[in-house]
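>>> Below: sequence and its predicted model.
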Amino acid sequence: MSEAIKKKPELGSIKVDPSGTVQKMEGVNYTIYSPRVNDLGNLYFVEVDSNVCEGCGECETHCPTGAIQETEDGTRSIVDPAACMNCGQCLTHCPYGAVTERVSYVSEIFEKLKDPDTVVVTMTAPAVRYALGECFGTPVGTYTGGKMQAALRRLGFDYIWDNEWTADVTIMEEGTELLERVKHGGKGDKPLPQFTSCCPGWIKFCESFYPDLIPHLSTCKSPVGMLGPLAKTYGAEQTGVDPKKIYTVSIMPCIAKKYEGLRPEMHASGQRDIDATINTRELAYMIKKAGINYMALPDEEPDPVLGMATGAATIFGTSGGVMEAALRLAYEVISGKTLADPSIIAVRTANGINKVDVDVPGFGPVRIAVVSGLDNAAKVCEEVRAGTSNLHFIEVMTCPGGCVNGGGQPVDPSIMEASVFKKMVAKVNKRFNMRKIA
Ligand code: SF4
Ligand code: SF4
C-alpha cells in the first residue's frame, strides 16, 4: 500500500445516495444503481427522460444503429437494449439534457472506500486525464494526469493502478497477433484483416450485426479487460493482499465500458474481474463531493506493479492511437529496424475512414485503416464480408475521434447554449406531433 494512503481519508461524513436515487453529475442525470452480471440482458445503460425530451431528433441523427426512435407523442425512446451499443452519442448531443444514465456505481464505491476491509484499486483509462480538468475549469483537452492520480489517492483508493500499463500489454499482444496472422497469410483460424478489440461499442456492434466477422477480431481483451484479472492475480500476489478483498474500479471516458465490465466472461481471475465502472463525469462528481480542491493538488504518479507505462499507451485515447502503437511494434519485429520517427501520424484521423499503406522493409506494404464511428465501421465490414478488402489491420473506434470524445466525458456546455435554433425547431415539431389527425 503506498505511503501516501496508509490511512483512509475521512469519508464518513459523505452521505451516500441510496439505490434508485437520481443524481445529477456534471450536468447529466444518473440513476444510482449497481447492476450485477445477471442483469445484463435487459439493462438500459442510457434512457430518454420523456418529461424533458422536446422531440428535436438530434439524438437519432447521432445514433449509429437506429436504437433510438420516435414515439407516439414525438419524444424519443430507446426501443431495445439489444439494439443499443451504449455509446452515449445520443446523450452527448442532446441539446436538452434529456438522455440520462441508468447505471452508477458511485454510491457503492464510496461505501467500499469507507470500508477498512476492502482494498479498492483504480483502473483509469488514458483519455480520462485529458478531460477531467474541464470539470474544474481547465480549457478543453488540458492534460491533468498528475492531479488525477493525486485526487484518486485522496479519495482513499488503496492502489492507484492504471490502464496505461495494460495498454502497453495490449500493444505487445495485438501487434504479435497481427504478425502471426500475416505469417499465416490470413488463412484458417487467423483471417485477415485483423480488427482491434478494445472498444466495447464496436465489439457489441460486430457481435450483433457482423457475427461472421468475429474471427477477424483480435483475440486480445481490452486494456481494462486485462487489468481487472491482473489486479486480482499478479497484483494481489505482489502486494500480499487477499484477492477476495480487492475491489476493482474501472474509470473510463465511456458508457459502453459499464456493459463490458458486466460481461459474463470477465471472470478470468476466478471472481468478477471488474467490480465497478464509472466514467469521467462521475469521477469529477466524487472528487467534488469529497471536497477535494482538484486544481490545488500536486502532480503525483500511479503506484508500482500495475501503474507504470510508456508513452505509446497514452495515444490509445485518440482515434488511430491503438493502430499506431501496434504498428510500431510490428514494424520493428518484421524489419528488425527501429522506426526513425516513431510517430506514424498518417494513421490518426478525427473522422471517417483513413486508409494508409505503411512500407515495412522485408515485408512490403502493410495496408491499414483507421475507422471512426460505427456507420463507417459498417462500410468497412461490408467490404470484408464481401471479400473485397485487401487490408491487413483495421482499428475501429465507436466515438468520433476516439475515446477522448467518449460518451462518458464532460458534456460540451456549448451543445446546450448553441442550440437555440434547434430548440425552436423542436418546439414547432412537438406542436405538429401533438396535432394528429386520426
Ligand atoms: S430532446 Fe432531442 S436530442 Fe434530446 S432526447 Fe429528445 S429528441 Fe433526442
Ligand atoms: S447509446 Fe448509442 S446506440 Fe444507444 S441509443 Fe444512444 S446513440 Fe444509439
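Looks like it came in fine. Ligands and ions are numbered 1, 2, ... in the order given.

>>> Let me see the contact set for the residue most central in space within the chain.
Centroid check for the chain by CA atoms, centre = their mean gives residue 254 as the closest residue, at 3.6 Å. By CB atoms under 8 Å, 6 or more residues apart in numbering, the contact list for residue 254 reads 88, 125, 200-201, 279, 399, 403, 406-408. Using the backbone N, CA and C atoms, a C-beta is placed for each residue, glycine as well.

>>> Residue 217 now?
Neighbour list for residue 217: 194-195, 197, 203, 206 [criterion: CB under 8 Å, 6+ apart].

>>> cutoff 7 Å now
Residue 217 makes contact with 195, 197, 206, according to CB atoms under 7 Å, 6 or more residues apart in numbering.

>>> Out of the residues you listed, flag the one nearest to ligand 2.
For the contacts of residue 217, the residue nearest ligand 2 by CB to the nearest ligand atom is residue 206; the value is 13.8 Å.

>>> if I read this right, the closest one contacts residue 216, doesn't it?
No: using CB atoms under 7 Å, residue 206 makes no contact with residue 216, being 8.4 Å away.

>>> Give the helix, strand or coil label for whatever residue of the stretch 101-250 of the chain ends up closest to ligand 2.
Residue of the stretch 101-250 of the chain nearest ligand 2, by CB to the nearest ligand atom: residue 201 (7.2 Å). Secondary structure for residue 201, judged by DSSP: H, G, I helix; E, B strand; the rest coil, is helix.

>>> So it sits against residue 89, correct?
No: between residue 201 and residue 89 there is no contact under CB under 7 Å: 9.0 Å.

>>> which of these two has more neighbours?
The neighbour comparison of residue 201 against residue 89 (other CB atoms under 10 Å) goes to residue 201, with 29 against 26.

>>> just to revisit the earlier point, roughly how far apart are the nearest residue to the residue of the stretch 101-250 of the chain closest to ligand 2 once chain neighbours are set aside and residue 85?
Counting by CB to CB, 6 or more residues apart in numbering, residue 201 lies nearest to residue 398, which is 3.3 Å off, once chain neighbours are set aside. Going from residue 398 to residue 85 by CB to CB, to the nearest Å gives 6 Å.

>>> which neighbours do these two share?
Joint contacts of residue 398 and residue 85 (CB under 7 Å, 6+ apart) are 201, 256, 374.

>>> phi, psi of residue 48?
phi -90, psi 130 (degrees, to the nearest 10).

>>> let me fix that: residue 401
The phi/psi pair for residue 401 (degrees, to the nearest 10) is phi 90, psi 0.

>>> The closest residue to residue 289 other than its chain neighbours: neighbouring residues, count only.
Of all residues not flanking residue 289 in the chain, residue 14 sits nearest, at 6.1 Å (CB to CB, 6+ apart). For residue 14, the neighbour count with other CB under 10 Å is 16.

>>> coming back round to it: report the contact partners of the residue of the stretch 101-250 of the chain closest to ligand 2.
85-87, 256, 374, 398.

>>> Just give me the closest of the residues you listed to ligand 1.
For the contacts of residue 201, with ligand 1 as the reference and CB to the nearest ligand atom as the criterion, the closest is residue 87, at 14.3 Å.

>>> Please list the outside residues in contact with stretch 296-308.
Counting by CB under 7 Å, 6+ apart, 2, 146-147, 149-151, 153, 159-162, 165, 227, 230-231, 235, 238-239 sit against stretch 296-308.

>>> And for stretch 84-94?
Contacts of stretch 84-94 (CB under 7 Å, 6+ apart): 28, 45-46, 58-59, 62-65, 67-68, 78, 99, 201, 204-205, 255-256, 259, 374, 398-399, 407-408, 411, 415.

>>> mean confidence score for it?
Across stretch 84-94, pLDDT averages out at 95.

>>> How far off centre is it?
Here stretch 84-94 is found 12 Å from its chain centre; the criterion is CA atoms, centre = their mean, to the nearest Å.

>>> For the longest helix seen in the chain, buried residues please.
Taking DSSP state H as the criterion, the chain has its longest helix at helix 163-183. For helix 163-183, a neighbour-count test (16 or more other CB atoms under 10 Å) marks 163-171, 173-175, 177-179, 181-182 as buried.

>>> What of stretch 386-398?
Across stretch 386-398, burial judged by 16+ other CB under 10 Å covers 389, 391-398.

>>> any idea which of the contacts of residue 254 is closest to ligand 1?
For the contacts of residue 254, the residue nearest ligand 1 by CB to the nearest ligand atom is residue 88; the value is 12.2 Å.

>>> which bits of the stretch 51-200 of the chain sit near ligand 1?
The stretch 51-200 of the chain comes close to ligand 1 at residues 53-59, 75-76, 94, 96, 98-99, as judged by CB under 6 Å from any ligand atom.

>>> how about a cut-off of 8 Å?
52-60, 68, 70, 75-76, 90, 93-99 (CB under 8 Å from any ligand atom).
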